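>>> sequence and predicted structure, then a few things I'm wondering about:
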Amino acid sequence: MNKFKKFNSLKELIKKPIFRASEAREVGVSSSLLCYYVQQGLIERVDRGVYRGIEPVLDVDFRWEDIILVTKSISGGVVCLISALALYELTDEIPRVHWIAVDNTKSAPKRKGTKIFRTRNIELGRTEIQVGSETITIFDKERTIIDTFRYMGKETAIKALKNSLTTSSEEKIDLKKLQNYAKKLRVNITPYILAVTI
């Protein structure tokens, strides 16, 4: 089978936002053949072992394209901290890098413009949200706010907490869940809740 006929094996993978070299191998396309297709302009290399078709397939707001591609390229990756606050519209900050959490037992992959955050409690508050036509894994609002108090500036965290309590009722955070997470992650959140609710 010649190289271009073999390219037909990638048709289903190219329909995805990204695909991995391991997925290509499963359909009979080697890493060297992927390199050849990149050189021919048939596919694009996003990162090491991560590819996509040259025609964009994401049906999302252009602001979120990069974060979606990065998240999907990191196995087990979870959008967190400033990136999560931005997606939840709980901050005015525009993230300069994408924040992705990974389990602390795994090695941290390198991605351009991405800050990898290794954590023990990767399952706590882990959820999925729909962004355009794509589903991404992200920490819920409550976990994101607690992590912001733990790792980012207090000003950013307090502003996010305040924003999460002043939105419409269906978008408000669950205060019991927030306090439960705070207890598990050893953050004294009570003074801040009192400060923004009084």
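Ah, there it is.

>>> tell me the bridge partners for the residue nearest to the spatial centre of the chain.
Relative to the mean C-alpha position of the chain, the nearest C-alpha, by Cα atoms, centre = their mean, is the one of residue 79, at 3.2 Å. Judged by DSSP bridges, the bridge partners of residue 79 are residue 100, residue 138.

>>> what pLDDT does it get?
Listed pLDDT for residue 79 reads 97.

>>> for it, give me its contacts.
Listed by Cβ atoms under 8 Å, 6 or more residues apart in numbering, the contact set of residue 79 reads 67, 71, 87, 98-101, 136-139. Just so you know, the C-beta spots here come from the backbone N, C-alpha and C atoms, and that holds for glycine as well.

>>> residue 37: which of those residues is nearest?
Nearest to residue 37, judged by Cβ to Cβ, of the contacts of residue 79 is residue 71 at 23.9 Å.

>>> helices or strands next to whatever helix or strand the closest one lives in in the packing?
Residue 71 belongs to helix 65-73 when assigned by DSSP states H and E. Counting contacts by 3 or more Cβ pairs under 8 Å, 6 or more residues apart in numbering; DSSP states H and E, helix 65-73 packs against strand 43-47, strand 78-79, strand 98-103, strand 134-139.

>>> buried sites along that helix?
For helix 65-73, the neighbour count (16 or more other Cβ atoms under 10 Å) marks 65-73 as buried.

>>> want to throw those into CSV with distance to residue 188?
Listed next are these as CSV, based on distance: Cβ to Cβ, whole Å:
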residue, distance to residue 188
65, 38
66, 35
67, 31
68, 35
69, 37
70, 33
71, 31
72, 36
73, 36
